[in-house]
Each structure stands twice: as structure tokens, then as C-alpha cells.
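J.: below are the sequence and a predicted model for it; my questions follow.
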Amino acid sequence: MKMKKIVYTLFISFFFFSGMAQKALLNKAEKEYNNYAYADAISIYEKLAVKGYEDEKMFQRLANAYYFNAELPKAAVWYEKLFAMNAKQEPEYFYRYAQALKSIGDYAKADKMLEEFNKKTNTDSRGILFENNKNYLEQIKLNSGRFEISDLNINSESSDFGSSFFNNNLVFSSARKIGKKEGNTFKWTNKSFTNLYIGAIKSDGTLSTPVLLNKEINSKFNESTPVFTKDGKTMYFTRNNFLDGRRGKDDKKITLLKLYKASFVDGKWTNIVELPFSNNAYSTAHPTLSLDEKKLYFASDMPGTLGQSDIYSVTINSDGTFGKPENLGKNINTEGRETFPFISGDNELYFASDGRPGLGGLDIFVSKILENGAFDAVQNIGEPINTKFDDFAFIIDSNTRKGYFSSNKNGEKGNDDIYKFTETKKLLCERTLTGTIFDSKSNETIEAAKVTLLDENNKVIEEVTTGKDGVYSFKVNCSKKYLVRVERKQYPAKENYIAVGTGIDNKLDFTLEKEKIALVEQLPALKKIKIGTDLGKTLNISMIYFDLGKAVITEAAGVELEKIYAVMQEYPKMRIDIRSHTDSRSSAKSNLVLSDKRAKSIMAWLVNKGIDAKRLKGKGFGESQLLNKCKDGVKCSEEQHLANRRSEFMILSI
């Protein structure tokens, strides 16, 4: 009996001390996790997991630690266990699990996770972008196959990434050993801190043996991602918060990233200063310069950031001071990570993002910077540069179409390598705009309809005629807005705007309502007319179309004017005042001249049909009588401008 008590006591004690040990390990892991020492946290969590310990919070932390360390296949293992234990997770876990699933090639399941993510968030741009681009893999495929890539000869067993052109050299970041000495360890990854190295670029794109940039730049913490002015006298670069021997920390005692500036004096980089918009409380990193070097672009999680990190720009004043950083906005940034910006010689913004539909991890995207400073459609640059893993830090020489990028695709341990590439074909986003023309009553397709494609300024690009199937199609550029006009005898002309996207399917169908030819059908409405009435509104006349900058009556305009002509024949004493109006685009003077020509052109058409000129009066008013707010300097849609482009047929006498 005494022996049983001893055994029982030992049994209870074992579980007590075992439980105490587990709790101690969990507390230690939590401390490491909260201090961003993810590698150490992973080691402890996995020891507990091997012993059979299962806990929802631990699975969350373990999966996240792998995710934040860019070891997505391993993150997928633990997110799967987490969702098996409890599928009711916070939305962000659905997104991370989707990204991790992509890293193992399970796009079908990843898409299901993204659908759930979008249902739970509704307003998160990452979910909306996925919902609007569910065929993203097809879109990426269309952009793929444009690069020849190969490993760079200087990659080490450690992390090598983030290169930059400097004269005929390449400067890059590396965590490799300095001689035979191991560098200091970065707790996030348990790998050495990075330094900046430089190597001469050979004719085949490989590098000479790299050497340290210089000791004034390289500290005992991380240095990375430099950018150099064209004259080679100034460098902006990223470093942990460390200057003049002093290490800065945020309120959690974490040393974040900051941007610094250095000057090239007597063959050395010196005069290192912190950029004024950097701060102990947030990170600023990965600088690049605009073509005129008057703006610095960078990544940051400063207040006002939409996601985990956004891309910003800041003006560099002529006296060397800086303006206030500006977020590039939702056209570029998402609730995910946008980082590693680069401005090419073609004035294109390349950047890495995990917030847009991609192949997995960080993908590289590109957007043309327009003349007004806005950004064109964002496109995934495709395979083979983008993969299931993190692909980032893209730079290109716009003259040779050669460049470099970084990726952790070889192996699943999160080590980064630099790759060289040659772009064999530029990215031109061309899509097919198509549609079908239907009759509103019979729902049958309409043959011999003339379909005209016009640009945003109403300039004719192309015209086609439909066959028996009623189908039309045009080759168009992504991100452009077009006007499509349909004309067919016995039908009022119809037009619609469409903003062509990067999607595969861009469709715009038209349903036309057959014209009521017999004037008798209009008589009930005509009984209501009186002096001062707009005959055009009474007859429900469509807009009188003119080609851009012209006053020639088109076929579509003639169809509408036939109605005016018929009524004036029915009422031989009717006199009308033809008033032509334009929108506010172009100058007020030219608009006034053009509108007057159009009014006179309508008068001439009616006179040519047999209407006595004495019964007609005509004048152009240009942009002087706008129906809405769309005057000069006010941003308006095409539809709002369209409302101002009109012709009126005011009855002077009957």
C-alpha cells in the first residue's frame, strides 16, 4: 500500500514538473516571439510539438514565425494543423495560409482560403483584388516567358540580396563571413547581419570577386539596399537604427530600420547622416531615386501606412532638405507588404508585393508612371522571375534590358540569392475587347452594325462591321479607357465607355432598340410641344455625334436629324433655334468656334433636305452653359463630360 502511494506520488509529480517545464518553455518561446527572435521561438515551439504538446496559440505562433522568416512551406504545415484544430480563425490567418499554400503549389486550396478571407473582410484590398482577378494565374501566364535568368556567380551560403548599379559595378547586401570571421547574429533569423559589398560587372553580367564597400558604411548591424545618384557622389542606403556608435530602439526595445545618406569623398563613403523623416518608432528602408533625382521612393510602416509596409515618395529639395513623405496610395499599396521599389530608365515603378494576386510570397510587379505623376495599371511581371517563393529587389538597365533580382526560391530555408537576367520581350499589356450587338425585342444578333472604337478624347482608332453573329472585337491596351459607338440603320446610335483592365475577359455588349419610323407614333408626344420646348427632348433624340474636333454630320447624326426633318415637314410653319454645346475640355475659345460650326452644320443638313433656311436659326455656345460642375480644373468622369456635349432644338414658333 505504501509502495502504491509512492508510485502515485511520483506519477503526479512527473506530470506536475512536466507541466511546469512545458509552461516555462512556452513562456520562453513567447518572449522570443514577442522580441522578433523568430528562429529561437521556432526551435522551442518545435521541441514542445515533438513531445506531443498541442495548443492553438502555439500553432499560430509557430506558423507565423516560419511565415515571417519567409519559410512558407514550413508555415503551411503548421497553418494546416491550426485550421484542423479550429477553422474559426481571424481573417489574417486565412490570407497567410493562402500564401503558404501557394508555396507548395496548392493554388486551388489557396484560392478557397482567399475567398473565405474576402468574405470575412469585405473591404480589404487584397481580397477585393483577388475577387476581381480570379483568373490571375492566366493573366500571369500571359506576362510570362520574357526573361532569361541564371544564378549570379557571387552568391554565398548566406543571404545575398538587394543589388544596385554603381557606375560599372554592382553593390549588394550579404550576410557572408568577413574573411574567416562570423558576423554578429540577427535574432530574427539567427543569421549574420548583412554588409554592403561591391563587385565589377563583367560583359556577361557576372561579377568580379566582391569586396566590402568600406568600413565607414558597414557597421555591426544590417546594411542593405543602396541607391546612388548619377554623378556617383551621394548614396542613400538602409541600416538598422545605428549611428556614431549609438543604437536606437523603439518603445519595445527593438532596433528598427532607417534610411541614411552618405557622400563620396576622396574615394570613401563618409559624412553619414540619418534622413530626417526616419524615426525610432517605425522603419524606413529600400530607397530608390526618380529619374530626375528630385524624389526618393522607399518602403515604410510609418503612421498612415495602409498595410504591413507601403511605398512612399519624398521630395528632395534643391537645398538638400526633404519634404513630407507621401504614401503612393491604393493604386500601388495594399494591406499586405509593398516593398523594394525601383524606378527604371523608362520611368516604370517596379516593386515587390504579397498583397496582390501572385504566385506566392513576394511577387514583382510593375506600373508605368504617367506624365501627371499618376500610376498606370499594376502588372505581375510573370515567370520565370516570379515563383512560389519570395522574389524581390528587381533592377534593370533600360538600355541593355539586363538586370538583377533577388529570390529565396532555391531551397526552403529562407536564404536569398541574386540572379541575373536579360529581358527578351518588353511587357505590353494587350487584351481583346469584344462584345455582341443584340436587338432589344427579338434578342437576335444584329448584322452589319458599324462599331467604332474611340480613345478618351473621342478620336477614332478603328471601325469594324458585325457579321451574322453580331460580334465585334478590337485589340486594346490594358489600363486605357475607350469609347465604343454602335451605329445601324433603323436603330438609334448608342455608345458606352469601358475601362479596359488587365483581366482576360473585357466584354461590352450592346442592345439596340429599333427606331419607330412612322411619324404618327410620335404624334401623342408632339401634341405637348409648345414654343420654348426642346424638340430634341420631346422626340427622345440621342446625342448628335461628331468626330473629335470636327463638325461633319456622321451617319449616326443623320439618323437622329431625320426625326427633326420629319416633324418640320409635318409642321411647315415651325421655326427652331439649333444650339450646340461642348464640354469644358480644350480651350473656351476653340470650343466656342467648334460648337458654332456644328450648329451651322446641322442647319446646312436640314436645308439640304429641303427645309427653308428662314425657318432655322443656329448658334454655338461652347462650354458657356455647362449642365454640371465639370468646368476647367474639376475632375469629372467621361459620362459627366458627355452630358455637356449636346445639341438643343428649341421651338421658336409653330
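T.: It's in.

J.: in the stretch 1-150 of the chain, which spans are helices?
T.: Secondary structure of the stretch 1-150 of the chain (DSSP state H, counting those that start in this stretch): helices located at 2-34, 38-50, 56-68, 72-85, 91-103, 107-121, 125-131, 136-143.

J.: just name the most buried of those.
T.: Most buried of the helices of the stretch 1-150 of the chain by mean neighbour count (mean count of other Cβ atoms under 10 Å) is helix 91-103; its value is a mean of 24. Where C-beta positions appear, they are placed from N, C-alpha and C, glycine not excepted.

J.: same question for stretch 417-433, mean pLDDT?
T.: Stretch 417-433 shows a mean pLDDT of 90.

J.: thinking again about what came up before, let's have the helices of the stretch 1-150 of the chain in TSV, adding distance to Lys489 and mean pLDDT.
T.: Converted to TSV, these look like this (distance: least, Cβ to Cβ, whole Å; pLDDT from 0 to 100):
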stretch	distance to Lys489	mean pLDDT
helix 2-34	73	60
helix 38-50	71	86
helix 56-68	63	92
helix 72-85	61	95
helix 91-103	53	96
helix 107-121	47	95
helix 125-131	42	94
helix 136-143	39	90
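
J.: turn the ones you listed into CSV, including distance to Gln625.
T.: Shown next, in CSV, are those (distance: least, Cβ to Cβ, whole Å):
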stretch, distance to Gln625
helix 2-34, 66
helix 38-50, 66
helix 56-68, 60
helix 72-85, 61
helix 91-103, 51
helix 107-121, 46
helix 125-131, 40
helix 136-143, 45
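
J.: any weak-confidence spans in the protein?
T.: 1-21, 178-191, 411-414, 502-504, 515-528, 542-543, 545-549 (pLDDT under 70).

J.: how close does Ala110 sit to Ala75?
T.: Distance check for Ala110 against Ala75: by Cβ to Cβ, to the nearest Å, it reads 13 Å.

J.: quick one: contacts for Lys631?
T.: When the contact criterion is Cβ atoms under 8 Å, 6 or more residues apart in numbering, the partners of Lys631 are 584, 623.

J.: sorry, that was for Gly199
T.: Shown in contact with Gly199 (Cβ under 8 Å, 6+ apart): 154, 169-170, 172, 207-211.

J.: what do you get for Leu275?
T.: Per Cβ under 8 Å, 6+ apart, neighbours of Leu275: 236, 258-261, 284, 322.

J.: report the central residue of the chain.
T.: The C-alpha lying nearest the average C-alpha coordinate of the chain belongs to Val378 (Cα atoms, centre = their mean; 3.6 Å).

J.: now that residue, nearest residue through space, not along the chain?
T.: Using Cβ to Cβ, 6 or more residues apart in numbering and skipping the chain neighbours, the partner closest in space to Val378 is Ser367 (4.6 Å).

J.: tally of neighbours for Ile377?
T.: One correction, residue 377 is Ala, not Ile. 17 (other Cβ atoms under 10 Å).

J.: any idea how far it is from Lys481?
T.: 11 Å.

J.: wait, isn't Lys600 in contact with Ala613?
T.: No: Lys600 is beyond contact range of Ala613, at 11.0 Å (criterion: Cβ atoms under 8 Å).

J.: the two: who's more crowded?
T.: Neighbour totals were compared for Lys600 and Ala613, and Lys600 leads with 17 against 11 (other Cβ under 10 Å).

J.: just the element for the more buried one, please.
T.: Assigned by DSSP states H and E, Lys600 belongs to helix 588-609.

J.: and that helix, what other elements does it pack with?
T.: For helix 588-609, the packing partners by 3 or more Cβ pairs under 8 Å, 6 or more residues apart in numbering; DSSP states H and E come out as helix 555-570, strand 575-581, strand 616-622, strand 647-653.

J.: please repeat the previous calculation with a cut-off of 7 Å.
T.: Here helix 588-609 touches helix 555-570, strand 575-581, strand 616-622, going by 3 or more Cβ pairs under 7 Å, 6 or more residues apart in numbering; DSSP states H and E.

J.: surely Gly360 is in a strand?
T.: No: per DSSP: H, G, I helix; E, B strand; the rest coil, Gly360 lies outside any strand segment and is coil.

J.: list the residues that contact the nearest residue to it once chain neighbours are set aside.
T.: Nearest residue to Gly360 in three dimensions, chain neighbours excluded: Lys102, at 3.2 Å (Cβ to Cβ, 6+ apart). Shown in contact with Lys102 (Cβ atoms under 7 Å, 6 or more residues apart in numbering): 110, 359-360, 388.

J.: output stretch 120-138 as PDB, restricted to C-alpha atoms.
T.: Extracted in PDB, the C-alpha atoms of stretch 120-138 (Å, rounded to 0.1, in the frame of the first residue of the first chain):
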ATOM      1  CA  LYS A 120     -14.700  37.900 -43.700                       C
ATOM      2  CA  THR A 121     -13.100  41.300 -44.500                       C
ATOM      3  CA  ASN A 122     -15.200  42.800 -47.400                       C
ATOM      4  CA  THR A 123     -13.100  46.000 -47.600                       C
ATOM      5  CA  ASP A 124      -9.500  44.600 -47.600                       C
ATOM      6  CA  SER A 125      -8.000  45.400 -51.000                       C
ATOM      7  CA  ARG A 126      -6.200  42.100 -51.000                       C
ATOM      8  CA  GLY A 127      -9.500  40.200 -51.000                       C
ATOM      9  CA  ILE A 128     -11.100  42.700 -53.500                       C
ATOM     10  CA  LEU A 129      -8.100  42.300 -55.900                       C
ATOM     11  CA  PHE A 130      -8.400  38.600 -55.700                       C
ATOM     12  CA  GLU A 131     -12.200  38.700 -56.200                       C
ATOM     13  CA  ASN A 132     -11.800  40.900 -59.300                       C
ATOM     14  CA  ASN A 133      -9.000  38.800 -60.700                       C
ATOM     15  CA  LYS A 134      -9.800  35.100 -60.100                       C
ATOM     16  CA  ASN A 135      -8.200  34.200 -63.300                       C
ATOM     17  CA  TYR A 136      -4.900  35.800 -62.100                       C
ATOM     18  CA  LEU A 137      -2.900  32.700 -63.000                       C
ATOM     19  CA  GLU A 138      -3.900  33.000 -66.600                       C
END
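
J.: what separates that stretch from the chain centre, distance-wise?
T.: Chain-centre distance of stretch 120-138: 12 Å, with Cα atoms, centre = their mean, to the nearest Å.

J.: tell me the contacts of the nearest residue to Tyr136 once chain neighbours are set aside?
T.: Nearest residue to Tyr136, sequence neighbours excluded (Cβ to Cβ, 6+ apart): Pro357, at 3.5 Å. Contact analysis of Pro357 by Cβ under 7 Å, 6+ apart lists 129-130, 133, 136.

J.: does Thr432 really touch Cys478, like I thought?
T.: No: the pair Thr432 / Cys478 is not scored as a contact, 11.1 Å apart, by Cβ atoms under 7 Å.

J.: so how far is the first residue of stretch 442-455 from its last?
T.: One end of stretch 442-455 sits 31 Å from the other (Cα to Cα, to the nearest Å).

J.: contacts for it next, please.
T.: For stretch 442-455, contacts defined as Cβ under 7 Å, 6+ apart pick out 436-439, 460-470, 472, 474, 482-488, 512.

J.: next, the buried residues of it.
T.: 445-446, 449-454 (16 or more other Cβ atoms under 10 Å).

J.: closest to Ser318 among these?
T.: Taking Cβ to Cβ as the measure, Leu454 is the one of the buried residues of stretch 442-455 closest to Ser318, at 42.7 Å.
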